[in-house]
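[1] predicted model and sequence below, questions to follow.
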2 protein chains.
Amino acid sequence: MPKTGQRRRGSYAKGVAKREEILTAALEVIAREGYRGASVKELAAAVGLSQAGLLHYFDSKEELFTEILRKRDELDLAHFGTLDATSADIDEVRAGYLHVVRHNSEVPGVVELFSRLSVEAVDPQHPAHRFFVERGATLRTIFGDVVRRSQAAGRLTGAIDADTLARIVQAVADGLQLQWMLEPDVDMAGTVDALFRALTGEPAGEGLREEEDDD
Amino acid sequence: MPKTGQRRRGSYAKGVAKREEILTAALEVIAREGYRGASVKELAAAVGLSQAGLLHYFDSKEELFTEILRKRDELDLAHFGTLDATSADIDEVRAGYLHVVRHNSEVPGVVELFSRLSVEAVDPQHPAHRFFVERGATLRTIFGDVVRRSQAAGRLTGAIDADTLARIVQAVADGLQLQWMLEPDVDMAGTVDALFRALTGEPAGEGLREEEDDD
DNA sequence: GTCTATATGTTGATAGAC
DNA sequence: GTCTATCAACATATAGAC
């Protein structure tokens, strides 16, 4: 089988490129116009294809949506992932994470897609199941590692196990999304930051300065 | 219009009673057999009615499901609510909350229904929207009040605002449900309790003793 | 109050032409 | 690779008989 970057049988390379292009476009549409019941047909129209044309690139609706979220993570990682997960300190991880959370506040449709698929992927047979399991594990590994290092350095309370804390941070982020979707006034980033503040024993009202967002 | 408990035109009282009976039965079915795509037709069969027969008591599927969750809360409150929210101390609230979380671990179908509807109710037009908004507000009020009292009494870190902390506790519970549905090995109660432990500055490994569950 | 039957609407998926 | 056309599968909601 031809590998990425290879030229033989250009149709394959072209197919992959087009796939990525579709995913990026779909993500932009959802980010800009929200997730309004997003059927395959609607998404297809939004990216300039017919329903059948779009499904030519994906086995099913579920796979399509899963890949959109994968692409989302890929793009987010361009920010969050500029740090080296094995050596980054808590402030870097915290800042990167807050950046992502703030960005999410600007793309409700993407957050809704994520939340919907999260629940549907509960079924082990669901095409997105593995994606969510692995995504969570990766996220918690990054958090867990930095928490461990911070605890060792005395910067973070040792009252709670590192892996448990990592799990809690993930839960807070996901749970806050639900609250925020229900009531958009909820300040996701502020709340997450307050948690970090409390955990690092930082004086109240301090917080991390807001960065500029970049879309 | 006849009020509850009145006898004239018994059909009304009977209708209400039957409604409650249906909701209780439906909840039991979901608790016992899980939420497997639960269509109105399936639920109807499970409670011994035809689809149309069941919808005779509810305006729509969405209303039916909302009422099932309302009934769930009503029953949970029989445990969680034995305490007086305006005077209960943190240990009581903590114990009651943990009890509910542990109970949830035994009824995955109910948790799935809750999570699904949570996301769908994001739309302000959805029949369950108000339910979830009010439910969250009530929950956070209870938590916020007890946190405030505990902070005043010096039992809880003052590093974080009481209302923010209440929101975080709610978010953790909801977020953990997602993790647990995806991977049933996740220990929801243990994780929630670890959070309480850290917040109250309790020595690690302490925790609240597990109670017997009662179904 | 409950059932049978059906109207109605969607959607995802596929076959086949171009 | 892309479109048109069509399918099959459901599910909810409603009408009307009993």
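    Now that the structure is in, tell me what you want to look at.
[2] so in chain A, where's the weakest helix or strand by average pLDDT?
    helix A:10-33 (a mean of 88; mean pLDDT, DSSP states H and E).
[3] quick one, what contacts the residue nearest the centre of chain A?
    Centroid-nearest residue in chain A, with C-alpha atoms, centre = their mean: residue A:73, separated by 4.7 Å. By C-beta atoms under 8 Å, 6 or more residues apart in numbering or on different chains, the residues touching residue A:73 are residue A:135. For glycine as for every other residue, the C-beta is placed from the backbone atoms N, C-alpha and C.
[4] re earlier: tell me if the least confident helix or strand of chain A is near DNA strand C.
    No - using C-beta under 7 Å from any atom of the strand, we find that helix A:10-33 stays clear of DNA strand C, coming within 13.1 Å at best.
[5] element containing the closest residue to DNA strand D within chain A?
    Nearest residue of chain A to DNA strand D, counting by C-beta to the nearest atom of the strand: residue A:53, 2.2 Å away. For residue A:53, the element it lies in under DSSP states H and E is helix A:51-55.
[6] okay, the helix or strand hosting residue A:192 in PDB with CA atoms only?
    Taking DSSP H and E as the definition, residue A:192 sits inside helix A:188-199. Taking C-alpha atoms only, helix A:188-199 is exported to PDB below (Å, rounded to 0.1, in the frame of the first residue of the first chain):
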ATOM      1  CA  MET A 188     -15.700  27.700  31.700                       C
ATOM      2  CA  ALA A 189     -12.100  29.000  31.600                       C
ATOM      3  CA  GLY A 190     -12.600  31.000  34.800                       C
ATOM      4  CA  THR A 191     -13.900  28.000  36.700                       C
ATOM      5  CA  VAL A 192     -11.100  25.700  35.500                       C
ATOM      6  CA  ASP A 193      -8.600  28.300  36.400                       C
ATOM      7  CA  ALA A 194     -10.100  28.700  39.900                       C
ATOM      8  CA  LEU A 195      -9.600  25.000  40.400                       C
ATOM      9  CA  PHE A 196      -5.900  25.200  39.400                       C
ATOM     10  CA  ARG A 197      -5.500  28.200  41.700                       C
ATOM     11  CA  ALA A 198      -7.000  26.300  44.600                       C
ATOM     12  CA  LEU A 199      -4.800  23.300  43.900                       C
END
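[7] per-residue confidence for residue A:189?
    pLDDT recorded at residue A:189 is 98.
[8] re earlier: can you list the residues that contact the helix holding residue A:53?
    So helix A:51-55 is in contact with A:22, A:40-41, A:43-44, A:47, A:61, A:64, going by C-beta under 8 Å, 6+ apart.
[9] among those residues, which are in helices?
    A:22, A:40-41, A:43-44, A:61, A:64 (DSSP state H).
[10] would you turn those residues into CSV with neighbour count?
    CSV is the format used below for the ones in helices among the contacts of helix A:51-55 (neighbours: other C-beta atoms under 10 Å in any protein chain shown):
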residue, neighbour count
A:22, 24
A:40, 17
A:41, 14
A:43, 22
A:44, 19
A:61, 16
A:64, 22
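[11] which of these are close to chain B?
    When C-beta under 8 Å from any C-beta of the partner chain is applied, no member of the ones in helices among the contacts of helix A:51-55 is adjacent to chain B.
[12] pLDDT on the helix holding residue A:53, on average?
    97.
[13] distance from the chain centre to it, please.
    Mean-position distance between helix A:51-55 and its chain equals 26 Å (C-alpha atoms, centre = their mean, to the nearest Å).
[14] go on, stretch A:117-126?
    Relative to its chain's centre, stretch A:117-126 lies at 16 Å (C-alpha atoms, centre = their mean).
[15] ok, now which ones touch residue A:25?
    For residue A:25, the contacting residues are A:46-48, by C-beta under 8 Å, 6+ apart.
[16] could you redo the last one with a cut-off of 6 Å?
    Listed by C-beta atoms under 6 Å, 6 or more residues apart in numbering or on different chains, the contact set of residue A:25 reads residue A:47.
[17] again with residue A:164
    Counted by C-beta under 6 Å, 6+ apart, residue A:164 has contacts B:191, B:194.
[18] chain neighbours aside, what residue packs nearest to residue A:24?
    In space, and not counting its chain neighbours, residue A:24 is closest to residue A:71: 6.3 Å by C-beta to C-beta, 6 or more residues apart in numbering or on different chains.
[19] how far away is the one you found from residue A:153?
    36 Å (C-beta to C-beta, to the nearest Å).
[20] again with residue A:48
    In this view, residue A:48 and residue A:153 are 52 Å apart by C-beta to C-beta.
[21] quick check, nearest of the contacts of helix A:51-55 to residue B:99?
    residue A:61 (39.8 Å; C-beta to C-beta).
[22] I'd guessed that closest one sits against residue A:40; true?
    Yes - counting by C-beta atoms under 6 Å, residue A:40 is a contact partner of residue A:61 at 5.0 Å.
[23] so where's chain A uncertain?
    Applying pLDDT under 70 to chain A picks out residues A:1-14, A:79-85, A:204-215.
[24] kindly recompute the last result at 50.
    Per-residue confidence for chain A (pLDDT under 50) gives these ranges: A:1-10, A:213-215.
[25] would you map the strands across chain A?
    Using DSSP state E, no strands are found in chain A.
[26] what residues does it put near DNA strand D?
    When proximity is defined by C-beta under 7 Å from any atom of the strand, chain A lies next to DNA strand D at A:11, A:14-15, A:18, A:44, A:48-54, A:56-57.
[27] let's have these in CSV, adding distance to residue B:104.
    CSV is the format used below for the residues of chain A next to DNA strand D (distance: C-beta to C-beta, whole Å):
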residue, distance to residue B:104
A:11, 51
A:14, 49
A:15, 45
A:18, 44
A:44, 39
A:48, 45
A:49, 43
A:50, 44
A:51, 39
A:52, 43
A:53, 44
A:54, 39
A:56, 43
A:57, 40
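[28] dump the contacts of helix A:51-55 into CSV; add distance to residue B:86 as well.
    CSV is the format used below for these (distance: C-beta to C-beta, whole Å):
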residue, distance to residue B:86
A:22, 56
A:40, 51
A:41, 53
A:43, 50
A:44, 55
A:47, 55
A:61, 49
A:64, 51
